[in-house]
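Peer 1: attaching a predicted model along with its sequence, questions to come.
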Amino acid sequence: MARKVFFSFHYERDVKRVVQVRNSWLIRPGGEAPPFYDKAEFEEAKRRAGGIKQWIEDQLKGTSVTVILFGAETYNREWVQYELKRSVELKKGILAIDIHNVKDPQKGKDIQGRNPLDQVFNIDGRNVKLSSVYKTYDWVNNDGYTNMPSWIEAAAKAVGR
């Protein structure tokens, strides 16, 4: 079953790695995801009524899973944290994929960053380290090209979607 997925990531540092991951998802038969956005659209969202928060809310609508694609600096990014918080609140399936081993065409591999799922959030009145609830994978070491569809499906089913 095709899933509509929201991809959360640090644009400036990781976009070239993210494009490779996203393109592998989009070229599959039956692959479905919200349109990939470029920085210009994100910058435009800052100027609109409601700004970035409204843009994120619009992007999350109709999705069943949020995939956090994380690199060296993703952990502390304000909007990634907001997207993760909203995904928890909306009871979306969530998974994290470490992309530091994906080669940027100009810069090669990156240093490994902290997993955003190592943060603590309130879930159903309890403070929970998200990595104890949701799964994390490495795109290269866990063969993300082959396995991402099953990771996404498992994340959706884990929350009853």
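Peer 2: Cool, the structure landed.
Peer 1: which residue is the nearest non-sequential neighbour of Arg77?
Peer 2: Leaving aside its sequence neighbours, Arg77 sits nearest to His10 (C-beta to C-beta, 6 or more residues apart in numbering; 4.9 Å). C-beta: built from backbone N, CA, C; applies to glycine.
Peer 1: in the chain, which helix or strand is least confident?
Peer 2: Ranked by mean pLDDT, DSSP states H and E, the weakest helix or strand in the chain is helix 39-47, scoring a mean of 64.
Peer 1: after it, which helix or strand is next?
Peer 2: Scanning forward in sequence from helix 39-47 by DSSP states H and E, the next helix or strand is helix 51-60.
Peer 1: show me what the helix or strand just after that following helix pairs with in its sheet, parallel or antiparallel.
Peer 2: Sequence-wise, the next helix or strand downstream of helix 51-60 (DSSP H and E) is strand 65-70. Sheet partners assigned to strand 65-70 using DSSP bridges are listed as strand 5-8 (parallel), strand 93-98 (parallel).
Peer 1: export the ones you listed to JSON lines and append columns for mean neighbour count, mean pLDDT and distance to Ser64.
Peer 2: Shown next, in JSON lines, are the strands paired with strand 65-70 (neighbours: other C-beta atoms under 10 Å; pLDDT from 0 to 100; distance: least, C-beta to C-beta, whole Å):
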{"stretch": "strand 5-8", "mean neighbour count": "23", "mean pLDDT": "89", "distance to Ser64": "8"}
{"stretch": "strand 93-98", "mean neighbour count": "24", "mean pLDDT": "97", "distance to Ser64": "6"}
